[in-house]
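> model this:
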Amino acid sequence: MFDWTYLVFIVPCALFALWASNKVKSTYQTYSKQYASNGLKAQDAARRMLDQNGLQHVRIDRINGNLTDHYDPRSKIIRLSDSVYNSSSTAAIGVACHEVGHAIQDANGYKPLRLRNAIIPMTNIGSMLSWPLILVGLFFQQDTTPTIAYFGIALFGFAVLFQLFTLPTEFDASKRALVSLKEGNYLNSQELSGAKKVLDAAALTYVAALATAIAQMLRLIVIVASNSRRHD
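Predicted coordinates:
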């Protein structure tokens, strides 16, 4: 049977996510060839930004991979990928300072970040149990109320909340990075524009992730409700 819900809810988000991913790759590739005129490297920019914000205790390590950069709030370590760590491109500097933005958020108790971290355990549980519960609920729905399926959807809702809290967290980290790059004269105006374009492109992937999560949840609600009406 043709699944119209997939076409209506998922396909547009999948196309948007694909476009966003390609946008990030092409933008990063473009500005990975634009270098800081002062020779500043990404790791040095990150270190300077950390120190200026009183975060001398936060370490910067190198990690394998391409754009695998992240901040680990448990160990207070910023891990920069091979393509970023020693690069003096405006793209790499923007990415590195974005991760410093997360470290600053952590130190300042930024609420969306705290909320996102707080629901990670429930998000993990929801990702494991939501689909099995939804499928069981749909299978036995002719004999029972759709309570089980809706409970599965509620668990899936934690994934939506996680993406919802992620969005302002990522935007704020980029904003902090760009403000510091400008005020600290890390980059000139043209170079700063390149770093901003990379971070703006990266932000689109988080918008796509939130849109996809919301669309999937709406699709599940429609499927369960439609199945319930057929068995009434």
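> Show me what the one helix or strand Ala177 maps to is packed against.
Element membership for Ala177 (DSSP states H and E) is helix 147-183. With contacts defined as 3 or more Cβ pairs under 8 Å, 6 or more residues apart in numbering; DSSP states H and E, helix 147-183 has these neighbours: helix 42-52, helix 90-108, helix 111-118, helix 120-139, helix 189-230. For glycine as for every other residue, the C-beta is placed from the backbone atoms N, C-alpha and C.
> Please repeat the previous calculation with a cut-off of 6 Å.
helix 90-108, helix 111-118, helix 120-139, helix 189-230 (3 or more Cβ pairs under 6 Å, 6 or more residues apart in numbering; DSSP states H and E).
> Can you list the buried residues in it?
Neighbour-count burial for helix 147-183 flags 148-150, 152-153, 155-174, 176-178, 180-181 (criterion: 16 or more other Cβ atoms under 10 Å).
> tell me the angle that helix makes with helix 42-52.
90 degrees (axes from the mean of the first three to the mean of the last three Cα atoms, to 10 degrees).
> how big is the angle separating helix 147-183 from helix 189-230?
Using the same axes, to 10 degrees: helix 147-183 against helix 189-230 is 170 degrees.
> what is the mean pLDDT for helix 147-183?
Helix 147-183 shows a mean pLDDT of 95.
> ditto for stretch 59-69
Computed over stretch 59-69, the average pLDDT equals 94.
> how about the CA coordinates for it, as CSV?
Only the C-alpha atoms of stretch 59-69 are listed here, as CSV (Å, rounded to 0.1, in the frame of the first residue of the first chain):
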residue,chain,number,x,y,z
ARG,A,59,42.3,21.3,27.0
ILE,A,60,42.5,21.1,23.2
ASP,A,61,43.3,17.7,21.7
ARG,A,62,43.6,16.5,18.2
ILE,A,63,41.2,13.8,16.9
ASN,A,64,41.1,11.7,13.8
GLY,A,65,38.6,12.3,11.0
ASN,A,66,37.2,15.2,9.0
LEU,A,67,34.9,17.7,10.8
THR,A,68,34.7,15.4,13.8
ASP,A,69,35.2,18.5,16.0
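> Give me the buried positions along that stretch.
60, 67, 69.
> List the ones among those residues that fall in strands.
Cross-referencing those against strands under DSSP state E gives Ile60.
> Out of the buried residues of stretch 59-69, which comes closest to Ser26?
Nearest to Ser26 among the buried residues of stretch 59-69: Leu67, at 13.1 Å, using Cβ to Cβ.
> Next, that closest one: phi, psi?
Main-chain torsions, Leu67, degrees, to the nearest 10: phi 60, psi 40.
> Same check on Ser88?
Torsion angles, degrees, to the nearest 10, at Ser88: phi -110, psi 20.
> was I right about it contacting Ser37?
No - contact status for Ser88 versus Ser37: not in contact, 9.3 Å apart, counting by Cβ atoms under 6 Å.
> got the buried residues for stretch 118-125?
119, 123.
> Show me the contact partners of it.
The contact list for stretch 118-125 (Cβ atoms under 6 Å, 6 or more residues apart in numbering) reads 158-159, 161-162.
> same thing with stretch 156-163?
With Cβ under 6 Å, 6+ apart, stretch 156-163 has contacts from 119, 122-123, 126, 130, 209-210, 213-214, 217.
> residues touching the residue nearest the centre of the chain, list them.
The centroid of the chain falls nearest to Tyr206 when counting by Cα atoms, centre = their mean (4.6 Å). Contact partners of Tyr206, counting by Cβ under 6 Å, 6+ apart, are 166-167, 170.
> Quick check: it vs Pro132, distance?
The spacing between Tyr206 and Pro132, counted by Cβ to Cβ, to the nearest Å, is 27 Å.
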